[in-house]
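Enquirer: just the structure for this:
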Amino acid sequence: MFVVGSGLSGADFKRILQYPRLVFVATAGQILLLPFIAALLIYILEPSATVASGMLLVSLCPGGAVSNFYTYFARANTALSVTLTALSSLLAIAVLPLLAIFFFTAFLEPGVEISDLASRLVLQLLLLLLLPLCLGMALRKIKPWFIQRHGKTLERLAAAGLILLVLVILVQHRHLIMSHISSLLLTALLFTFLAIAAAGILSRMLSLNRFDSTAIMIEFPVRNLALSAVIAISIFGKSDYLVFAAIIFVIQVPIIAVILLWHRYNCRDSSA
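Expert: You can find the predicted model right below:
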């Protein structure tokens with residue numbers, strides 16, 4: 001989130017006022033639709049508690065900074081992507097604890113203690129979302145030259161850190177992953193495709209151009225997996241919840257790559 005904050009400017013906040021309907025629908029769509037997609041898949045497929053809890057946790061998390069990276073390479077609306085990621089992260093501080101209580105109470109096994117979940121989540125979200133976001137914005141304001149010179153390096157380091165996290169999870173939980181591999185792959189694929197479909201439907205409803213709709217179609221499925229990892233371990237004490245996050249990252253890379261190449265190809269045809 002530090003990287004997201006370092007990329008924010010006054011223009012990003014003005015965009016909320018300039019295009020309130022677009023920003024509101026795209027942000028609310030992520031927050032409300034993705035957990036319901038996860039809940040629907042849990043109801044239909046009845047995966048194990050490990051897979052179900054991991055999927056719910058990922059669906060509740062705000063957009064991930066890597067979506068901005070994907071959107072940039074797709075030559076879609078990176079500014080919109082950054083705005084949506086930042087706004088969903090800020091709103092998550094208030095909304096995520098409430099949704100987590102609702103969905104985990106509904107789907108977790110009886111006896112799971114979540115009575116103090118809300119207060120602990122709010123504290124974690126303040127430290128992991130708001131603080132680094134504000135620090136990144138402050139650095140951009142105080143030393144813009146540093147961001148101009150090292151911004152891309154910070155983005156690469158953040159992406160490398162996420163990849164390293166995924167590799168550690170895959171290695172540490174390889175036996176658990178192999179025992180649930182079919183369920184993990186199926187739920188990760190369906191969640192990703194349904195999230196992209198939801199973004200596409202909202203884009204049609206808003207009559208968005210390809211430049212904006214591609215940014216939203218990338219933003220919806222890509223979640224803040226680092227945040228889900230911290231919550232899984234520090235709040236729930238369940239490192240096995242991380243396996244879904246690792247699998248969905250691996251699954252989404254080629255899917256997002258197809259969207260990226262499709263958009264770039266269509267942009268080239270349009271300019272020809």
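
Enquirer: going forward, measure contacts and count neighbours with C-alpha atoms only.
Expert: OK.

Enquirer: all strands of the stretch 1-150 of the chain, in order?
Expert: Secondary structure of the stretch 1-150 of the chain (DSSP state E, counting those that start in this stretch): no strands present.

Enquirer: so where is it shaky, pLDDT-wise?
Expert: 1-16, 107-130, 132-133, 136-141, 143-150 (pLDDT under 70).

Enquirer: try it again at 90.
Expert: 1-24, 46, 48-50, 53, 62-150 (pLDDT under 90).

Enquirer: now do the contacts for residue 29.
Expert: For residue 29, the contact set (Cα atoms under 8 Å, 6 or more residues apart in numbering) comprises residue 199.

Enquirer: relative to residue 210, how far out is it?
Expert: Going from residue 29 to residue 210 by Cα to Cα, to the nearest Å gives 18 Å.

Enquirer: over to residue 43?
Expert: Residue 43 is 33 Å from residue 210, by Cα to Cα.

Enquirer: looking at those two, which one has more neighbours?
Expert: residue 210 (15 against 12; other Cα atoms under 10 Å).

Enquirer: for the more buried one, give me its contacts.
Expert: 76, 263.

Enquirer: okay, how far is it across stretch 53-73, tip to tip?
Expert: End to end - Cα to Cα - stretch 53-73 spans 32 Å.

Enquirer: go through it and flag the buried ones.
Expert: The neighbour-count check on stretch 53-73 (16 or more other Cα atoms under 10 Å) flags 53-72 as buried.

Enquirer: kindly report the same for stretch 17-24.
Expert: 22, 23.

Enquirer: one more: stretch 198-212?
Expert: 198, 199, 200, 202, 203, 211, 212.

Enquirer: and if you look at stretch 167-175?
Expert: So, applying 16+ other Cα under 10 Å, buried residues of stretch 167-175: 169, 170, 173.

Enquirer: dump these into a markdown table; add secondary structure, pLDDT and distance to residue 182 as well.
Expert: Formatted as a markdown table, the buried residues of stretch 167-175 follow (DSSP: H, G, I helix; E, B strand; the rest coil; pLDDT from 0 to 100; distance: Cα to Cα, whole Å):
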| residue | secondary structure | pLDDT | distance to residue 182 |
| --- | --- | --- | --- |
| 169 | helix | 75 | 17 |
| 170 | helix | 73 | 15 |
| 173 | coil | 74 | 15 |
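
Enquirer: which one of the residues you listed is nearest to residue 264?
Expert: residue 170 (31.5 Å; Cα to Cα).

Enquirer: no further queries at this time; thank you.
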